[in-house]
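**Student:** dropping the sequence and predicted coords here.
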Amino acid sequence: MAQIIQISVIPSKIDDKDYHLSLIKNKLNSSYEDIIDTSLRKKSIDARRKVVYNLAYDVYFKGDNIPKKSFKSGCKNVKSSKKIIHIIGSGPAGLFAAISCLQNGIKPIVYERGKDVQSRRRDIAEINKNGIVNSESNYCFGEGGAGTFSDGKLYTRSKKKGSVKNILELLVCYGADENILTDSHPHIGTNKLPKVIQNIREDIINKGGEFHFDSKLTDISILDNKILGITINNQEKIDAKNLILATGHSARNIYYLLREKNIKLEFKAFAIGVRVEHSQKLIDKIQYSKEDRGEFLPPSSYKLVHKTPSRGVYSFCMCPGGIIAPCATKQNEVVSNGWSPSKRNNKTANSGIVTEVTWGDLSEYHSHGAFAGLEFQKSIEQKCWAVSSNSQIMPAQKLKDFLTDTKSVDLPLTSYTPGIISAKLSELFPEFVINALKSGLKNFGKNMKGYITNEAIIHAPESRTSSPIRIPRNNDFQHVEIKGLYPCGEGAGYAGGIISAAIDGLNCVKALSSV
């Protein structure tokens with residue numbers, strides 16, 4: 001059985017495996033000299049005092065069985081299977097639900113309102129270059145979901161709901177780099193993730209599953225609180241007894257459809273705020289305490305949390321060496337998000353800075369019931385649209401100016417390609433959001449000396465952190481009232497990110513297959 005040995009190395013020694021081995025041997029007693037193999041288990045950076053890499057190794061000795069690395073999906077051929085599950089949405093929840101179907105000998109049929117990953121590129125280029133939003137194919141809708149073209153970050157805190165390692169190994173099986181298994185904050189990158197997504201889809205089809213793009217769920221047939229069928233694109237009627245609804249947090253039409261069908265929905269607390277962009281060089285200087293990080297350290301990131309008397313403020317989806325992207329799903333709204341390529345080699349770093357929104361904050365929206373948060377979310381996005389003269393140009397303010405409520409002059413350059421326009425963000429958000437963000441940013445400036453600067457730009461809004469609506473379900477993953485309906489992933493309010501959504505997809509099929 002392997003023994004786990006932890007060592008620390010300076011950045012210039014990160015690739016020196018002989019040096020690592022010498023440190024491992026120094027940590028072991030003389031009786032442990034017969035090392036036959038080592039395998040890196042985990043890698044992280046510690047910059048609290050001096051910058052070092054912390055490494056955890058599995059160390060094998062004479063007599064140990066060394067496990068062979070073999071990444072297999074475990075998917076079966078289901079071409080002759082009579083058991084079928086219909087899946088709406090091909091984001092991580094939908095894709096991994098389809099993989100789980102194959103693993104359990106069930107045929108998955110996936111319907112995606114958007115386009116495949118290659119075709120999506122043209123629509124995303126239109127948003128970036130011309131500010132034109134295709135409401136069915138954009139950063140949020142299409143094969144792979146929102147994460148495909150907005151980074152592919154794989155860090156999650158949701159480790160009690162399922163095996164994170166299982167999801168990472170499946171991603172490696174489909175073409176992701178093996179380093180995601182050892183990095184403390186694994187990341188695939190927008191330039192590489194589309195190919196991984198394509199490989200998953202091709203394997204599902206080759207083994208008997210089906211994919212249908214440009215196929216939007218427009219109706220659900222229900223009788224005696226049981227799913228009978230679905231309608232696609234207002235035309236194609238399909239019998240469906242088991243329906244996994246994995247449509248993502250931006251598929252608002254699904255919430256309206258469910259309300260029309262008198263299917264129970266609930267308000268869910270969420271977060272809203274802004275996206276702050278600094279130069280990557282400044283963030284490196286703050287985090288590494290040096291002017292030049294050198295060739296052995298990656299672009300640095302940060303994770304910040306502050307608790308005000310009434311609510312939390314925190315960094316969200318931090319993108320070192322990243323880009324701010326226009327992620328609206330309709331033409332009359334403005335929405336920001338961030339992404340990084342696999343090398344994280346852009347000159348800027350950005351992060352969402354968001355604060356909590358609860359039912360008690362939204363008294364003027366209470367008449368909307370479960371839709372109170374959604375209507376509030378829409379109002380912010382539409383205000384920003386109006387400021388931008390009805391385009392994808394984004395309202396922005398220098399960071400120091402935001403703290404003093406001063407309209408900015410001569411905004412710095414930004415990675416946000418549609419462009420920015422100077423605005424007082426206090427006129428776009430309610431007071432409770434502005435006050436919380438100011439308190440949080442001031443606190444972050446105390447923890448990261450140099451963070452508060454007018455060279456940093458605040459972009460607004462960061463509004464799609466998670467779904468503001470929950471589709472309630474029982475412990476068996478079925479809707480609390482409708483048999484055969486399995487709400488899944490971020491859109492159902494049960495996940496937050498690629499990994500947790502993927503785990504939820506696996507768990508939904510596991511529960512369904514046992515019925």
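**Tutor:** Received it, and whenever you're ready, just let me know what you need. Numbering: from 1, shown residues only.
**Student:** show me which residues of stretch 215-234 are buried.
**Tutor:** 215-217, 220, 222, 227, 229-230, 232 (16 or more other C-beta atoms under 10 Å). In short, each C-beta sits where N, CA and C put it, glycine included.
**Student:** what's the mean pLDDT across it?
**Tutor:** The pLDDT scores in stretch 215-234 average 98.
**Student:** how about stretch 490-510?
**Tutor:** 94.
**Student:** which strand or helix spans the nearest residue to Cys173 once chain neighbours are set aside?
**Tutor:** In space, Cys173 comes closest to Phe71 once its chain neighbours are excluded; the distance is 4.1 Å by C-beta to C-beta, 6 or more residues apart in numbering. Under the criterion DSSP states H and E, no helix or strand holds Phe71.
**Student:** what's near enough to touch Phe71?
**Tutor:** 169-170, 172-173 (C-beta atoms under 8 Å, 6 or more residues apart in numbering).
**Student:** cool, and Ile7?
**Tutor:** 20, 23-24, 27, 54-55, 57 are the contacts of Ile7 under C-beta under 8 Å, 6+ apart.
**Student:** that one falls within a helix, correct?
**Tutor:** No. Counting by DSSP: H, G, I helix; E, B strand; the rest coil, Ile7 falls outside a helix, being strand.
**Student:** how far away is the residue nearest to Cys173 from Asn166?
**Tutor:** From Phe71 across to Asn166, the span is 11 Å (C-beta to C-beta, to the nearest Å).
**Student:** now Leu403
**Tutor:** In terms of C-beta to C-beta, Leu403 sits 44 Å off from Asn166.
**Student:** have a look at those two and say which one is more surrounded.
**Tutor:** Neighbours per residue, other C-beta atoms under 10 Å: of Leu403 and Asn166, the larger number sits with Leu403, 17 against 14.
**Student:** hmm, who's touching stretch 286-295?
**Tutor:** 11-12, 47, 51, 284-285, 297, 299-302, 448-451.
**Student:** residues in contact with Asp34?
**Tutor:** 61-62.
**Student:** same thing but at 10 Å, please
**Tutor:** 60-64 (C-beta atoms under 10 Å, 6 or more residues apart in numbering).
**Student:** may I see these arranged in CSV, with secondary structure and neighbour count as well?
**Tutor:** Shown next, in CSV, are these (DSSP: H, G, I helix; E, B strand; the rest coil; neighbours: other C-beta atoms under 10 Å):
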residue, secondary structure, neighbour count
Tyr60, strand, 19
Phe61, strand, 16
Lys62, coil, 8
Gly63, coil, 8
Asp64, coil, 16
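**Student:** and which of those is nearest to Phe432?
**Tutor:** Ranked by distance to Phe432 (C-beta to C-beta), these are led by Tyr60 at 55.7 Å.
**Student:** mean confidence score for stretch 292-312?
**Tutor:** pLDDT averaged over stretch 292-312 gives 95.
**Student:** so where do the strands sit in the stretch 1-150 of the chain?
**Tutor:** Using DSSP state E, counting those that start in this stretch, the strands of the stretch 1-150 of the chain run over 3-9, 35-46, 52-61, 84-88, 107-111.
**Student:** present the ones you listed as TSV; the columns should include distance to Val433 and mean pLDDT.
**Tutor:** Putting these into TSV (distance: least, C-beta to C-beta, whole Å; pLDDT from 0 to 100) gives the following:
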stretch	distance to Val433	mean pLDDT
strand 3-9	41	96
strand 35-46	33	94
strand 52-61	37	96
strand 84-88	32	98
strand 107-111	36	98
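**Student:** okay if I get those as TSV plus distance to Ser184?
**Tutor:** Supplementary listing: the strands of the stretch 1-150 of the chain in TSV, determined by distance: least, C-beta to C-beta, whole Å:
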stretch	distance to Ser184
strand 3-9	13
strand 35-46	4
strand 52-61	8
strand 84-88	32
strand 107-111	32
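**Student:** of all those, which one is nearest Ile263?
**Tutor:** Here strand 84-88 is closest among those (C-beta to C-beta), at 13.7 Å.
**Student:** low-confidence regions, this structure specifically.
**Tutor:** Counting by pLDDT under 70, the ranges of the chain that qualify are 30-32, 150-152, 156-160.
**Student:** domains for it, by residue range?
**Tutor:** 3-61, 84-266+469-513, 269-462 (automatic domain parsing).
**Student:** make CSV out of those domains and add distance to Lys76.
**Tutor:** Formatted as CSV, these follow (distance: least, C-beta to C-beta, whole Å):
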stretch, distance to Lys76
domain 3-61, 30
domain 84-266+469-513, 5
domain 269-462, 32
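**Student:** quick one, strands of the stretch 351-500 of the chain?
**Tutor:** 394-398, 420-422, 457-462, 469-470, 485-487.
**Student:** related to what we said a few turns ago, which one of the buried residues of stretch 215-234 is nearest to Gln392?
**Tutor:** Lys216 (22.9 Å).
**Student:** would you agree that closest one is in contact with Ser137?
**Tutor:** No. Counting by C-beta atoms under 10 Å, Lys216 does not reach Ser137; the two are 11.0 Å apart.
**Student:** now do the helices in this protein.
**Tutor:** 17-27, 92-103, 117-130, 164-173, 193-206, 252-260, 280-288, 372-387, 399-404, 431-447, 498-513 (DSSP state H).
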